[in-house]
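S.K.: sharing a model that was predicted from the sequence below.
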Amino acid sequence: MAENDWLQGRHALITGGGTGIGAAAATHLHAAGAKISLLGRRLEPLERTAALVDGKAIACDVTDRDAIARAFDEARAANGPISFLIVNAGIGDSAPFGRTSREAWDRIIATNLSAAFDCAQLGLPDLLAQEDSRMVFIASVAGLKGAAYAAPYAASKHGLIGLMRSLAVEFATSNMTVNAICPAFVDTPMVDDSAARISKVSKRSEDEARQSLAAMNRHGKLIHPDGVATMILSICLPQSRDVNGAALTIDGGTTA
Ligand code: NDP
C-alpha cells in the first residue's frame with residue numbers, strides 16, 4: 001500500500017505536541033495525511049501548532065492520569081480511535097547529584113516515565129483494535145548511557161526504554177509495534193532552556209552555552225527536529241511493521 005494512503009485519515013496523538021520534536025512530528029504526520037491531536041499543559045503553543053496541521057489542541061498535564069483519560073476521550077471524539085501514539089512530553093533539569101532534590105527526581109520521573117506508563121495503558125485498547133498501529137516513545141541517548149548532572153533524566157529515559165522493550169515483547173504478536181527514538185541534543189526549546197541555565201551558572205553567553213551542548217554531540221551539531229520527526233513518520237509507515245522493540249538513535253554518532 002502507498003504510504004500516503006496508509007496514514008490518510010488515521011489518528012496520531014502526540015503528547016508535548018505544541019513545541020519542538022512534538023510539533024515537528026505533527027507537521028510530518030499531517031503532511032502524510034494523518035489526523036492530529038496535540039496534548040500539553042500550555043494551550044497557546046498547542047493551538048499555534050494545531051492551526052498549522054488542522055489538529056485538535058487539548059490542554060492536559062500528563063502527570064495526572066485522570067486528565068490523560070479525559071484528553072484521550074476528547075481526542076477520540078475529534079479524530080476517532082488512536083492509531084499512532086507518540087509519547088513525547090518530557091522535561092529535563094541539570095544539577096550535581098549531591099544537590100539534586102527529591103522533588104526534582106519525583107517531577108522528572110512523573111513526567112518522563114510514569115506518564116508514559118499511563119499514556120501507554122490508556123491508549124492500548126485503541127492501538128490493539130487498529131490495524132498495524134504504533135506506539136512510539138521519545139527517549140534519549142541518556143536512556144542508553146549515563147549522563148553527568150542529569151541522573152533523574154537519564155534514569156527516567158532508561159526506564160522508558162525498559163517499558164518500551166517490555167511492551168514490544170508482550171505485544172509482539174499483536175498488530176501494534178512499540179519502539180523508542182533516542183536523540184542526542186536537538187535544537188528545541190528544551191536545549192534553549194538548558195543553554196539559559198548553563199549561561200546563568202557559568203557566566204558564558206547563551207550562544208556559547210548552546211555551542212557547548214552542540215559540541216557534546218559527536219558531530220558537533222545540534223540535531224534538527226525535522227530529522228527526529230522523519231524517524232517518527234518512518235516508524236508509522238506500513239513498511240516498518242517489523243521494526244519492534246528498537247531503541248533507534250539519531251545522535252550524529254554520539255553513542256557509536
Ligand atoms: P520541548 O520542551 O519543546 O518539548 C517538551 C514538550 O513536553 C513541551 O511541549 C511541553 O509542553 C510538554 N510537557 C512537558 N511537561 C508536560 C506535562 N506535565 N504534561 C504535558 N505536556 C508536558 O522539548 P523537546 O521537543 O526537545 O522534547 C520532546 C521530547 O524529546 C522530550 O521527551 C525530551 O526528553 C526528548 N529529547 C529531547 C532532546 C533535546 O535535546 N531537545 C534530546 C533527547 C530527547 P508544556 O510545557 O506546555 O506542557
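M.R.: Sure thing, it's come through.

S.K.: just checking, what packs against the one helix or strand residue 30 maps to?
M.R.: Using DSSP states H and E, residue 30 falls within helix 20-31. Other elements packing on helix 20-31 under the criterion 3 or more C-beta pairs under 8 Å, 6 or more residues apart in numbering; DSSP states H and E are strand 11-15, strand 35-40, helix 43-53, strand 82-87, helix 225-236. The C-beta positions use only the backbone N, C-alpha and C, and glycine is treated the same way.

S.K.: which parts of that helix are buried?
M.R.: 20-30 (16 or more other C-beta atoms under 10 Å).

S.K.: which of these sits closest to residue 67?
M.R.: residue 22 (17.2 Å; C-beta to C-beta).

S.K.: show the pLDDT at the residue of the stretch 51-200 of the chain found nearest the ligand.
M.R.: Closest contact between the stretch 51-200 of the chain and the ligand, by C-beta to the nearest ligand atom, is at residue 90 (2.2 Å). Per-residue pLDDT puts residue 90 at 98.

S.K.: contacts only, for the closest residue to residue 241 other than its chain neighbours.
M.R.: Among residues not flanking residue 241 along the chain, residue 132 sits closest, at 6.1 Å (C-beta to C-beta, 6 or more residues apart in numbering). Residue 132 sits next to 6, 175, 238, 241 when contact means C-beta atoms under 8 Å, 6 or more residues apart in numbering.

S.K.: give me the pLDDT for the first one.
M.R.: Spelled out, that is residue 6. Residue 6 is given a pLDDT of 84.

S.K.: check whether the biggest strand by length in the chain comes near the ligand.
M.R.: Counting residues, the longest strand found in the chain (DSSP state E) is strand 176-183. Yes: against the ligand, strand 176-183 shows contacts by C-beta under 6 Å from any ligand atom at residue 183.

S.K.: nearest residue to residue 86 in space, please, no chain neighbours.
M.R.: residue 14 (4.3 Å).

S.K.: can you list phi and psi of the most centrally placed residue in the chain for me?
M.R.: Residue closest to the mean C-alpha point of the chain, counted by C-alpha atoms, centre = their mean, is residue 88 at 1.9 Å. Here is the backbone geometry of residue 88 (degrees, to the nearest 10): phi -120, psi -20.

S.K.: ok, now which ones touch it?
M.R.: 14-17, 21-22, 25, 138.

S.K.: pull out whichever of these are also neighbours of the ligand.
M.R.: Applying C-beta under 6 Å from any ligand atom to these, those adjacent to the ligand are 15-16, 21-22, 138.

S.K.: need the max-distance pair from those.
M.R.: 15 and 21 (10.9 Å).

S.K.: hmm, residue 80 is touching residue 11, no?
M.R.: Yes: using C-beta atoms under 8 Å, residue 80 is in contact with residue 11, at 5.0 Å.

S.K.: more crowded one of these two?
M.R.: residue 11 (24 against 15; other C-beta atoms under 10 Å).

S.K.: the residue nearest to residue 86 contacts residue 22, doesn't it?
M.R.: Yes: taking C-beta under 8 Å as the definition, residue 14 is a contact partner of residue 22 at 4.9 Å.

S.K.: hey, what's in contact with both of these two?
M.R.: 38, 86, 88.

S.K.: quick one on the thing from earlier: what's the closest of the buried residues of helix 20-31 to the ligand?
M.R.: Closest to the ligand out of the buried residues of helix 20-31 is residue 20 (2.2 Å), distances taken as C-beta to the nearest ligand atom.

S.K.: tell me the contacts of that closest one?
M.R.: 186, 188-190, 225 are the contacts of residue 20 under C-beta under 8 Å, 6+ apart.

S.K.: so among those, which ones count as buried?
M.R.: Here, 16+ other C-beta under 10 Å leaves 186, 188, 190, 225 buried among the contacts of residue 20.

S.K.: tell me the mean pLDDT over the host helix or strand of the third one?
M.R.: With secondary structure defined by DSSP H and E, residue 190 is part of helix 189-202. Across helix 189-202, pLDDT averages out at 94.
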